[in-house]
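>>> this is a predicted model, with the sequence first.
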Amino acid sequence: MNMQKNTIINYLALAIAAFLFLLFFSYATSPIFSNNYGISDSAIFLLVGKGITSGHILYLDLFDHKGPVLFFLEALGWLIIPDRFGSFFMQWIFMVADLILIVKMGQLFLNKKQAWLPILFFFLILASTFEGGNLTEELSLPFLLLPLYLVLRHLKKEPIKKAHHNPLYAFIYGICFTLIVFMRLNNAVLIGAIVLVVMIQLFTNKAYVDFFHNVLGFIAGALITFAAIASYFIINHAFGDMIYATFLFNMKYAEGISGIFSPESLVKFAYSVSPVVFSGCMGIYYLLKKEDKYIGLLLTIGSLVTFFSLLLGGIFYHYFTLTTPCFVLAIILLIELYVKNEKKLWQGSHRGLLVAVLVLFMTSCVIYLCFCFSTIVTIATEEPDTDYYENALTIKSSIPEEDRDSVFGYEIPAGWFLMADITPCYKYFTLQEWWGLYDPQVIVEMNNMLKNNPPKWIVMTNDQETNAEIYDVLGTNYELVTKDEEVSLYHRIAE
């Protein structure tokens, strides 16, 4: 009874810690930051999720190039609480799951009190990379940490010479992998490392039948999840649009990005990726200490694939949220080695590598403490931007209520539509010129819409844009009604 009571108290403490963290750092959805929607990505996700709940078809009516699982989660949040606070609730559930899994991972190697220490370092990285929250990297974490916990549980409890991996675990890996792939493909690489290490273990021990069963389990989990996702789009005749947005557009995007080559971006990347450099070195050290070769191999390969997936992307701080699973595991293993060996660590072999591991650990902590302090100051001084909300309402007041289903925005942040409580009438509703850099067909289709099926109202950015045709359309078919510092409102001239 006491054990059950302690478990409930521990879970309650984790739930409170998750809530308090999100309350301050998730300024895109937090109740204390009213009329605020975070960076542009979060606002897009919220707007698309809201649109789904009002009957809009994903990718046909509202476009973004993230996967559908993300938007289904956003829509679920709006259904639970019809505002961004529903997304806050979903984030809270996910964050509690993250913390429970981290503690459970810790308890595989440490005592119950020590198992709580990695949470502090998890929050340290997260606080610096959160960027207002409600982003794919944050929402992917439970689907990364669950397979990581399960494989560690398997590796810790299974005798080295007896390779048997539960196919149910592989089934769960397949589900989690597919869910993440249909959020953002790059986020799933750690599960690839987990599957690879399990394959190596089974092949090394000649457990071919078990390997076959696990392959079937993984494929079954992936196929069932894919079928559930695909059914929505097949029913709504949008399967091709989903494949284009989730994969084909992103292939064009990957081809078009410049990468991390400038000295400034390389320095910024080196700072940001430091947690996974530490975890990779810790994996090698754990391997060399012969504590558990498969756990060391898992951490090493997981860190490597995370490093290279980040290297191929741009320098956006929220990408580096993906360093947390490996970083947390590395800290757990470092604490385990210290508790087991204490001073003997210095007396053993590979002391040079141990020094490198400790230096990298301290360097990562110092870097992210600086990031964290800067983030706290920025949030405290700059959020929320209430002027933006008031300006959106002023512009909205010039649009008759019966016309608000025919409002198109050009290069207008998605947060503007959320603040005005208007759902845009065309699928390419923001970032048109940025999307058009990677697929010019976006601009072509949008210009055709303006000619053949023009909206009654256009909200236009005041910044000069490169698409000359929209200025021709505005000059010929629309009249300026009002403007503020950010946007101008145009009304179609009656024919």
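Happy to help now that I have it.

>>> low-confidence ranges in the stretch 151-300 of the chain?
Applying pLDDT under 70 to the stretch 151-300 of the chain picks out residues 158-163, 258-259.

>>> can you rerun that using 80?
Confidence mapping of the stretch 151-300 of the chain against pLDDT under 80 gives the ranges 157-163, 256-262, 290-291.

>>> quick one: the strands in it?
Assigned by DSSP state E, counting those that start in this stretch, the stretch 151-300 of the chain shows no strands.

>>> where along it do the helices fall?
Using DSSP state H, counting those that start in this stretch, the helices of the stretch 151-300 of the chain run over 167-181, 189-204, 208-235, 239-243, 249-256, 263-272, 274-288, 293-311.

>>> what's the spacing between the first one and its chain's center?
Relative to the centre of its chain, helix 167-181 is centred 17 Å away, using Cα atoms, centre = their mean, to the nearest Å.

>>> now swap in stretch 300-315 and tell me
Computed by Cα atoms, centre = their mean, the chain-centroid distance of stretch 300-315 equals 15 Å.

>>> with just CA atoms, put that stretch into CSV.
Extracted as CSV, the C-alpha positions of stretch 300-315 are listed here (Å, rounded to 0.1, in the frame of the first residue of the first chain):
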residue,chain,number,x,y,z
THR,A,300,27.0,5.5,-29.7
ILE,A,301,24.9,4.7,-32.9
GLY,A,302,21.9,6.7,-31.6
SER,A,303,24.2,9.8,-31.0
LEU,A,304,25.8,9.4,-34.4
VAL,A,305,22.5,9.3,-36.3
THR,A,306,21.1,12.1,-34.3
PHE,A,307,24.2,14.2,-35.0
PHE,A,308,24.1,13.7,-38.7
SER,A,309,20.3,14.2,-39.0
LEU,A,310,20.8,17.6,-37.3
LEU,A,311,23.8,18.4,-39.5
LEU,A,312,21.7,17.9,-42.6
GLY,A,313,19.0,20.4,-41.3
GLY,A,314,19.1,24.1,-40.7
ILE,A,315,20.1,25.9,-37.5
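
>>> switch the helices of the stretch 151-300 of the chain over to CSV; also include mean neighbour count.
In this view, the C-beta of every residue, glycine as well, is placed from N, C-alpha and C. Below are these laid out as CSV (neighbours: other Cβ atoms under 10 Å):
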stretch, mean neighbour count
helix 167-181, 23
helix 189-204, 20
helix 208-235, 16
helix 239-243, 16
helix 249-256, 14
helix 263-272, 14
helix 274-288, 24
helix 293-311, 21
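
>>> dump the ones you listed to JSON lines, plus distance to residue 19.
Shown next, in JSON lines, are those (distance: least, Cβ to Cβ, whole Å):
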{"stretch": "helix 167-181", "distance to residue 19": "24"}
{"stretch": "helix 189-204", "distance to residue 19": "26"}
{"stretch": "helix 208-235", "distance to residue 19": "29"}
{"stretch": "helix 239-243", "distance to residue 19": "34"}
{"stretch": "helix 249-256", "distance to residue 19": "33"}
{"stretch": "helix 263-272", "distance to residue 19": "27"}
{"stretch": "helix 274-288", "distance to residue 19": "25"}
{"stretch": "helix 293-311", "distance to residue 19": "28"}
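
>>> shouldn't residue 423 be in contact with residue 414?
No - Residue 423 is beyond contact range of residue 414, at 10.6 Å (criterion: Cβ atoms under 8 Å).

>>> between those two, which is the more surrounded one?
Applying other Cβ atoms under 10 Å to residue 423 and residue 414 shows that residue 414 carries more neighbours, namely 25 against 20.

>>> which residues sit in contact with that one?
Listed by Cβ atoms under 8 Å, 6 or more residues apart in numbering, the contact partners of residue 414 are 37, 40, 43, 44, 46, 47, 429, 430.

>>> inside helices: which ones of these?
If you go by DSSP state H, the contacts of residue 414 have 40, 43, 44, 46, 47 in helices.

>>> those residues, buried ones only, as a PyMOL selection?
Taking 16 or more other Cβ atoms under 10 Å as the burial criterion, the selection of buried members of these in PyMOL is written as:
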select buried, resi 43+44+46+47
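
>>> between the ones in helices among the contacts of residue 414, which is nearest residue 252?
Within the ones in helices among the contacts of residue 414, the smallest distance to residue 252 is 18.3 Å, found for residue 44 (Cβ to Cβ).

>>> so that closest one touches residue 70, yeah?
No - look at residue 44 against residue 70 with Cβ under 8 Å: they stay out of range, at 10.1 Å.

>>> any weak-confidence spans in the stretch 1-150 of the chain?
Scanning the stretch 1-150 of the chain with the threshold set as pLDDT under 80 gives 1-4, 34-40.

>>> still on that earlier bit, tell me the two of the contacts of residue 414 that are most distant?
37 and 429 (14.2 Å).

>>> so those two - more neighbours on which side?
Neighbours per residue, other Cβ under 10 Å: of residue 37 and residue 429, the larger number sits with residue 37, 29 against 26.

>>> and that one, how far is that from residue 23?
Distance from residue 37 to residue 23, counting by Cβ to Cβ, to the nearest Å: 16 Å.

>>> and residue 53, by the same measure?
25 Å.

>>> same thing with residue 88?
According to Cβ to Cβ, residue 88 stands 9 Å off from residue 23.

>>> okay, and the common contacts of the two?
Jointly contacting residue 88 and residue 23 under the rule Cβ under 8 Å, 6+ apart are 30, 31.

>>> settle it for me: which of these two has more neighbours?
Remark: of residue 88 and residue 23, residue 88 carries more neighbours, 22 against 16, as counted by other Cβ under 10 Å.

>>> how many neighbours does the residue nearest to that one when sequence neighbours are not counted have?
Among residues not flanking residue 88 along the chain, residue 29 sits closest, at 3.9 Å (Cβ to Cβ, 6 or more residues apart in numbering). Number of residues near residue 29 (other Cβ under 10 Å) recorded here: 27.

>>> give me the residues contacting stretch 33-40.
Stretch 33-40 is contacted from outside by 26-30, 43, 46, 84, 131-134, 383-386, 389, 413-415, 418-419, 430-431, using Cβ under 8 Å, 6+ apart.

>>> tell me which element the residue lying closest to residue 94 once chain neighbours are set aside falls in.
Take residue 94 and drop its neighbours on the chain: the residue closest to it by Cβ to Cβ, 6+ apart is residue 142, 5.2 Å away. Using DSSP states H and E, residue 142 sits within helix 136-157.

>>> cool, residue 24 as well?
helix 2-25.

>>> just residue 490 next, same as before
In this assignment (DSSP H and E), residue 490 forms part of strand 487-492.

>>> residues making contact with that strand?
For strand 487-492, contacts defined as Cβ under 8 Å, 6+ apart pick out 391, 395, 398-399, 412, 416, 454-462, 474, 477-483.

>>> residues in contact with the closest residue to residue 97 other than its chain neighbours?
Excluding the flanking residues, the one nearest residue 97 by Cβ to Cβ, 6+ apart is residue 142, at 4.4 Å. Applying Cβ under 8 Å, 6+ apart, we find residue 142 in contact with 94, 97, 98, 101.

>>> adding neighbour count, write these out as JSON lines.
As requested, these are exported to JSON lines (neighbours: other Cβ under 10 Å):
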{"residue": "94", "neighbour count": "19"}
{"residue": "97", "neighbour count": "17"}
{"residue": "98", "neighbour count": "24"}
{"residue": "101", "neighbour count": "21"}
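
>>> and those residues as JSON lines, adding secondary structure and distance to residue 198?
Shown next, in JSON lines, are the contacts of residue 142 (DSSP: H, G, I helix; E, B strand; the rest coil; distance: Cβ to Cβ, whole Å):
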{"residue": "94", "secondary structure": "helix", "distance to residue 198": "25"}
{"residue": "97", "secondary structure": "helix", "distance to residue 198": "22"}
{"residue": "98", "secondary structure": "helix", "distance to residue 198": "22"}
{"residue": "101", "secondary structure": "helix", "distance to residue 198": "18"}
